[in-house]
Structure formats: structure tokens, C-alpha cells
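# pasting the sequence and the predicted coordinates here, then a few questions.
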Amino acid sequence: FFLCGMNALDAVNHAMSTIGTGGFSTYNTSAAHFESPAIELWMSLFMFIGSLNLTLVYFAATGKPKRLFKDEEFRFLTFFILTISVITTIWLWVQGEYPSLETTFRQSLFTTLSLGSSTGYTTSDITLWGPFFWMLALLLMFVNGCAGSTSGGLKSSRFLVLIKNLYNEFKKQIHPHLLTPVLINGRQLSVSVVH
């Protein structure tokens, strides 16, 4: 952040509150104060890292990145964040909110990661983005990051279990005697954990 133009105090503060998903800014206008695409992209990256399971981040940092990519919750969260970012980009582009597609995607990605990690940084007034985005924002605030992360919310692992269990329940409607356990990372979850 210092290399991107922040002074030393702002750089340390924003680095700590971005990776810790605390979102504390030294300015009332949050990240929008800096008006810097580079800062927004770095913040986006570290908000994403902060929303991941810290054990998996440790393994990835110590030379075992395959453990991160094999994790179902990581893949689910990544897919979820990218999907919401693309949908938001399309929505804002159609609305003509920003002058270029790059700016539109950057704003969408930043806001999606900020809401999806419970960091709360802002670069624009999302109340102007309309009710369609507000519904996406509400969904983002519920799902949030991975279990074992610093982000708030209900965690994406619970939604992954919910989706898999709903799928199994629909299969049981067709095949009532079918035994379909919920598997996460190849391990069967007990019925009590699923419920």
C-alpha cells in the first residue's frame, strides 16, 4: 500500500484491517479516499485471502498450494464470489454506472469481496446500484468467507452443506430408499452435523 501511494500510517492500518477483514479506515470515505485502482486491486486480493481458511492459506504459503485448490469450500467461495462479481458487472454496465468495463468490473469485484468477507470497505455508494444489487449484497453478507477465516457471517461451508443436503433430499423424493450421505472433501458428514 505504501508503494501504491499511501503514507506509512495509512499503509500499515489498511494492510492490517484488510487482511484481518476488520475494514477500519483512517478516512470517512474509506478506500474511496485514495481513488487508486492499484490500491483497490491489492485490497481486493487481501480481502479474498482474509476470507479463506487460515490453515489452507498457511499450507499454500509454505509450498503446498494443492491443499488449497483441493478444498471444496475454497472452490465454492471462489466460484460464488466470481459469479456475483460478473453478475454485478453486467448489471452496472447495463445501467451505465461507470464509463469503462474495467472500472465497472473493478468496482464490482471490490464491493463483492468487501461484502463477502465482511470487511466493509467502500469505493462507491452502493445504495445507488439499485434493488437488484441489494439482493445480491444481502446474499453476500450471509454467505461470507470460509470456516477458519477472520470474516464474519454464516460461512460458506454451511451453505455448501445446505446445497448438498437439499440436492440429496430431492434425490430421495425420486428414490425413497436411496442412502445419500453429504460429503465434504470426500468425507461423510454425520446426520447431526448436517442438521
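Right, received. Where do you want to start?

# residue 98 reaches residue 105, doesn't it?
No: Residue 98 is not in contact with residue 105 according to CB atoms under 8 Å; the separation is 9.0 Å. Every residue, glycine included, has its C-beta placed from N, CA and C.

# which other helices and strands contact the helix ranked longest in the chain?
In the chain, assigned by DSSP state H, the helix with the most residues is helix 72-95. Under the contact definition 3 or more CB pairs under 8 Å, 6 or more residues apart in numbering; DSSP states H and E, helix 72-95 sits against helix 101-116, helix 131-143, helix 156-174.

# tell me how many other residues surround residue 132.
Neighbour count of residue 132, defined by other CB atoms under 10 Å: 12.

# per-residue confidence for the most centrally placed residue in the chain?
Nearest to the geometric centre of the chain sits residue 116, at 3.7 Å (CA atoms, centre = their mean). For residue 116, the model assigns a pLDDT of 94.

# is it true that it touches residue 140?
Yes: using CB under 8 Å, residue 116 and residue 140 qualify as a contacting pair, with a distance of 4.6 Å.

# what's the overlap in contacts for the two?
In the contact map built from CB atoms under 8 Å, 6 or more residues apart in numbering, the residues linked to both residue 116 and residue 140 are residue 84.

# now do the contacts for residue 96.
Residues near residue 96 by CB under 8 Å, 6+ apart: none.

# so that it lines up with my notes, have the first residue be 42 from now on.
Sure, I'll start numbering at 42, so the last one becomes residue 137.

# would you mind measuring from it to residue 231?
Look at residue 137 and residue 231: by CB to CB, to the nearest Å, they are 51 Å apart.

# try residue 192
Residue 192 is 26 Å from residue 231, by CB to CB.

# other SSEs contacting the worst-scoring helix or strand of the chain on mean pLDDT?
The least trusted helix or strand in the chain, going by mean pLDDT, DSSP states H and E, turns out to be helix 232-235, with a mean of 90. Using 3+ CB pairs under 8 Å, 6+ apart, the elements in contact with helix 232-235 are helix 197-215.

# which residues sit against the helix it packs on?
Taking CB under 8 Å, 6+ apart as the rule, helix 197-215 contacts 113-114, 117-118, 121, 183-188, 219, 221-225, 230, 234-235.

# what's the answer for stretch 170-185, then?
92, 118, 121, 125, 128-129, 132-133, 136, 138, 152-153, 156-159, 167, 192-197, 200.

# now the residues you listed: which count as buried?
The neighbour-count criterion (16 or more other CB atoms under 10 Å) marks 92, 118, 121, 125, 129, 132-133, 138, 152-153, 156-159, 167, 192, 194, 196-197, 200 among those as buried.

# out of the helices and strands packed on helix 113-136, indicate the one that is most buried.
With neighbours taken as mean count of other CB atoms under 10 Å, the helices and strands packed on helix 113-136 reach their highest mean count in helix 142-157, at a mean of 22.

# and the end-to-end length of stretch 229-236?
13 Å (CA to CA, to the nearest Å).
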